[in-house]
Structures are given as structure tokens and as C-alpha cells.
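Student: generate coordinates for the sequence data below:
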Amino acid sequence: MAATSSILIAAATLLLSAAPALRAQELRVQPTPFSVWLDLRASAPSSKSGFPIWMESLQRTFTPEADGVLAKTVFRLRLRRIVTGEIQLRLFFNDTLGNAPVVSGWSETGKKLYESQPLGSGLELPTSETVIIPVSGLDYVEVSVPGDGANLSSVFVATLKKYEGRKALDFEKEPAMDDPFSNLPSAAPGSDDSYLYGRVKATIEAGAIKLSPKGPRQTLLEFDLESAPLVAVISFEILNADPFNPPEITLNKRALGRASIRLPDLADPGYQGSVRALEPDMRFRYAGWMQCQQLVPGSLLLSGANKLTVTLGKESPPIAIRAVEIELKTNWKHLNYELIP
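Tutor: All right, here's what the predicted structure looks like:
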């Protein structure tokens, strides 16, 4: 132990002596003059503090139920005509059944120029949805929701610009836009299996499945294979995940451990924290869909029926999964491999 300590002290001395020659990194705040995050739960959301130059005001109105018409809350984002092109609006809300928000765009004369589909799936989980709105001719954008609007929490709005990109002609289209927080585009499970260079991709389950501590805690998915692959990857999207407690994967009664989550930038407003008594660290969950993956050795997959179980992680909040897919790496005439004795 004494020898180890002396080595550590000597190393520390060398670092200290070299310190004047090192240049400290500066903390630079990234400017965001064309983006804004708005707290819809604030007591005075019409305040103009912190608005970008292209946004004039935010107003909230509540219409009580009358003559058989349900109560409704509307948040109105009034724009200045200096903004052109498109804006990205990402709404954060609790996805409660019967309270799906709708985003619309209007001219000053009351002409509706844009309207989204109702957002969410009624999963009763925190989530976020993104829409891209053409702003030509728009004077204001409205977010309307049935009821008192308590299920809406915040909104992130950014102006967009187009840029020239490149992609290979034979492969999938590029995403509609680059996400500012490095989120991957949503999965789009195909109705048919696809083959490319020895890879077979197939959808196991496209729809959303909810898992909860109060049950059910796991879901069983079954699929058939013509033959066992060399290796496979199981992927899916997850909603309301605790990054420290991803779901556990079991394949054909063999535990594979926790799935790997692909995390977005920590600046993303989708991270929501909670503090518990006597716990030193804040817990986080993510109000949005993230992508998960699990690498599977080919020997664990069977020719014929296979059973995949996804189980809620220990101390995890309720989650939902969707777009469960499998990629199979099969032998291919140009597969690059070597034989090792």
C-alpha cells in the first residue's frame, strides 16, 4: 500500500507542476436567439420575457363547458411576420385518454392554414410530440386541448432552415429534419420483411404496449424464423424510460440483461427529474420516445418458434414500448470473416 501511495503522490506532483502550462477550457453558453422553451404551467404565460424576436406573445384562454360543448383550453403563440419558412413545435404533455392536444395555425382573419392530428395515444404517460408548421401567412399558432389544460406542461419552438444534403440513391430516405437534441427519427416498422447484404429485418410488434409496476410488468412476443442467424439485434422504442432502469430482455428463457438505450443530448427538455428522501441522486425519466437495442448471439435463436420477453426494470416507472423489430445477420457470399484455429 505504501508503494502505491507514493506513486500516486508523485503523479499528482507532476500534474501540479505542469498546470501553469495548461490552458483551462472556458464555459461558453450556446446562444439560442431563434428558439424558445415555454412553461405552459406558469401563472402568467403571457409574459414577454425571454421571447425570441419572431414571437410576440403567449396567451392562455379557458372556455368552460356550455350547451353540450366540452370545456377547452387554448394556448395562443402570436408570431411576428419576420419569421419565414417553417417552425418546429415540440409539445410536452401527459398523454391522458380523452385529452389529446391539437396544434393549428391561423391568419389574422381567422382562416385555418394548418392543423395537426390529435397528438398522443392515450397511454397515460408523460410524452412529447413534434410537428413542423409552415408559417407562410400565419399570424398565430394555437395549441388546444379539452379540459383545463393541466395535462400540458411545456413547449419547445424553434425556427427551421433548409440545407442541402446528400444520400445514397439506393437506400432509405433521410429524416425530415435534424433534431436539435440528437434524437433519432421515429422508427417506421415495415409490413414486409426486407433483405440487404445478408441482413434480414422484420417487425415483431408495431403497436404500443404499456408496462407498469401495478401490472402487467412484462410482455411476451413470439416470432418464427426459418433458420438461426449468425447474430441478431432486437430494437424497439421506449416511452417514459428511466435511463438507469431500462427493461430486461429474455429470449427463449435465456436472460440477456438490460437493453441499451440510445440517449439524446442532456440539454433535451424531455428529461424530467424527481427527488426522493434519503436518496443522494436525482432520478430521471424521459418524456418522449427513445430507441433501445439488444445484441443477441445467433445460437440463442431457434429455427421455428422463438419467445421474446420484455420485463419492466427494477424500480422503473411505467413505460410503453413500440416498433419492436429484429435484424438477422445471415451468411452472405461477400461476408468478410476469418477462420481462427
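Student: strands along the stretch 101-250 of the chain, start to end?
Tutor: Here the stretch 101-250 of the chain has its strands, by DSSP state E, counting those that start in this stretch, at 102-106, 112-115, 126-134, 140-146, 152-160, 194-196, 199-205, 209-211, 218-225, 231-241, 248-251.
Student: which parts of the second one are buried?
Tutor: Of the residues in strand 112-115, those buried under the neighbour-count criterion (16 or more other Cβ atoms under 10 Å) are 113, 114. From N, CA and C alone the C-beta is placed, and that goes for glycine too.
Student: residues in contact with it?
Tutor: Strand 112-115 is contacted from outside by 102, 103, 104, 105, 106, 107, 133, 134, 136, 137, 138, 141, using Cβ atoms under 8 Å, 6 or more residues apart in numbering.
Student: the last one contacts residue 89, doesn't it?
Tutor: Yes: in terms of Cβ atoms under 8 Å, residue 141 counts as a neighbour of residue 89; the distance is 6.8 Å.
Student: list the residues that contact both of the two?
Tutor: Taking Cβ under 8 Å, 6+ apart as the contact rule, residue 141 and residue 89 both touch 103, 133.
Student: those two - which one has more neighbours?
Tutor: Set side by side, residue 141 and residue 89 show more neighbours around residue 141, with 24 against 20, by other Cβ atoms under 10 Å.
Student: partner residues bridging that one?
Tutor: residue 77, residue 105 (DSSP bridges).
Student: state the distance from it to residue 88.
Tutor: Taking Cβ to Cβ, to the nearest Å as the measure, residue 141 falls 12 Å from residue 88.
Student: again with residue 70
Tutor: 29 Å.
Student: where are the low-confidence patches of this protein?
Tutor: For the chain, applying pLDDT under 70 flags the ranges 1-23, 43-49, 174.
Student: now the strands of the stretch 101-250 of the chain as CSV including distance to residue 188?
Tutor: Formatted as CSV, the strands of the stretch 101-250 of the chain follow (distance: least, Cβ to Cβ, whole Å):
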stretch, distance to residue 188
strand 102-106, 21
strand 112-115, 23
strand 126-134, 15
strand 140-146, 26
strand 152-160, 21
strand 194-196, 12
strand 199-205, 10
strand 209-211, 18
strand 218-225, 19
strand 231-241, 11
strand 248-251, 22
